[in-house]
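In: give me coordinates for this.
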Amino acid sequence: MPSLAEENYLKAVYKLSRKSGSGASTNAIANQLDSKASSVTDMIKKLADKKLVNYKKYQGVTLTEAGQKAALLTLRKHRLWEVFLVERLNFKWDEVHEIAEELEHIHSQELINRLDAYLDYPKFDPHGDPIPDKYGKIVHHKDTTIANLNIDQSGIILGVKEHSSSFLQYLDKHDLVIGSQIKLIDRFDFDQSMEILVKGKSFTISHQVALNLFINKL
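Out: Predicted structure coming up:
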């Protein structure tokens, strides 16, 4: 069973590999975990010895089947705890990440399976991220964001890419939350910022904000 630190590394490799479409570099892992590149290299070698990652010097790090299973299990625990914190303990969606980071390292599978049942088997966490099932199966969003909308086209917000508290608070302020319907009114060529309509109010969002909100086009 991976240690707390090993679980964090496996989760980081999983997320970075998903983002890049290939292996995760040691520098990217170091940035993700706020660690030194030398420390990352030492840990990756340790994980490779345990057959949890594939690693060759100067090439990207990828997960083995066992490593991916462990990473998805950690994600499952993290996201179920976020659902519990928001739906049962009334935390806001910008308050739960750090708490879930601690809770995700509880190793009791019976506890997690009972938590899943208690929450009525949620498919997504409060940020719209898919929750792996107990077998490690996960269905990701299609990579469609507000930035992909055409003028006069609408969509429903399904999830967020960026989970920082400041970004989530910004979204709350503008009603850009899970389930909100938005319509693209105009796009500005200068910086690709967008004028959108949400709940009868129009305002402008940056291209960066648009890239960080998953939608289901209507």
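In: every contact and neighbour count from this point should use C-alpha atoms.
Out: Will do.
In: could you look up the SS state of Gln169?
Out: What DSSP: H, G, I helix; E, B strand; the rest coil gives for Gln169 is helix.
In: could you report the pLDDT at it?
Out: Gln169 carries a pLDDT value of 95.
In: repeat that for the one 4 residues further on.
Out: The predicted local confidence for Lys173 comes out at a pLDDT of 93.
In: can you check Gln181 too?
Out: Gln181 carries a pLDDT value of 95.
In: please name the nearest non-neighbouring residue to it.
Out: Excluding the flanking residues, the one nearest Gln181 by Cα to Cα, 6 or more residues apart in numbering is Ile156, at 4.4 Å.
In: ok, that neighbour - contacts?
Out: For Ile156, the contacting residues are Ile178, Gly179, Ser180, Gln181, Ile182, Ile215, Asn216, Lys217, Leu218, by Cα atoms under 8 Å, 6 or more residues apart in numbering.
In: among the residues you listed, who's most crowded?
Out: Highest neighbour count within these: Ile215, with 28 neighbours (other Cα atoms under 10 Å).
In: any idea how far the nearest residue to that residue once chain neighbours are set aside is from Ala210?
Out: Using Cα to Cα, 6+ apart and skipping the chain neighbours, the partner closest in space to Ile215 is Ile157 (4.4 Å). Ile157 sits 11 Å away from Ala210, going by Cα to Cα, to the nearest Å.
In: helices of the protein, start to end?
Out: Here the chain has its helices, by DSSP state H, at 4-20, 26-33, 37-49, 65-87, 97-103, 109-118, 165-173, 207-211.
In: can you tell me which of the ones you listed is most buried?
Out: Among the helices of the chain, helix 65-87 has the highest mean neighbour count (mean count of other Cα atoms under 10 Å), at a mean of 22.
In: distance from the chain centre to it, please.
Out: In this view, helix 65-87 has its centroid 11 Å away from the chain centroid, taken as Cα atoms, centre = their mean, to the nearest Å.
In: what's the neighbour count on the nearest residue to Val139 once chain neighbours are set aside?
Out: Nearest residue to Val139 in three dimensions, chain neighbours excluded: Pro130, at 6.4 Å (Cα to Cα, 6+ apart). Summarising burial for Pro130: neighbours were counted as other Cα under 10 Å, giving 20.
In: and stretch 133-145, which residues are buried?
Out: Asp133, Thr144, Thr145 (16 or more other Cα atoms under 10 Å).
In: per-residue pLDDT of the residue nearest to Ile215, please?
Out: If you check Ile157, the pLDDT there is 95.
In: how about Tyr118?
Out: At Tyr118, the model reports a pLDDT of 97.
In: from Arg88, how far off is it?
Out: Distance from Tyr118 to Arg88, by Cα to Cα: 10 Å.
In: same deal with Glu102?
Out: To Arg88, Glu102 is 18 Å away according to Cα to Cα.
In: over to Val13?
Out: Where Arg88 is concerned, Val13 sits at a distance of 31 Å (Cα to Cα).
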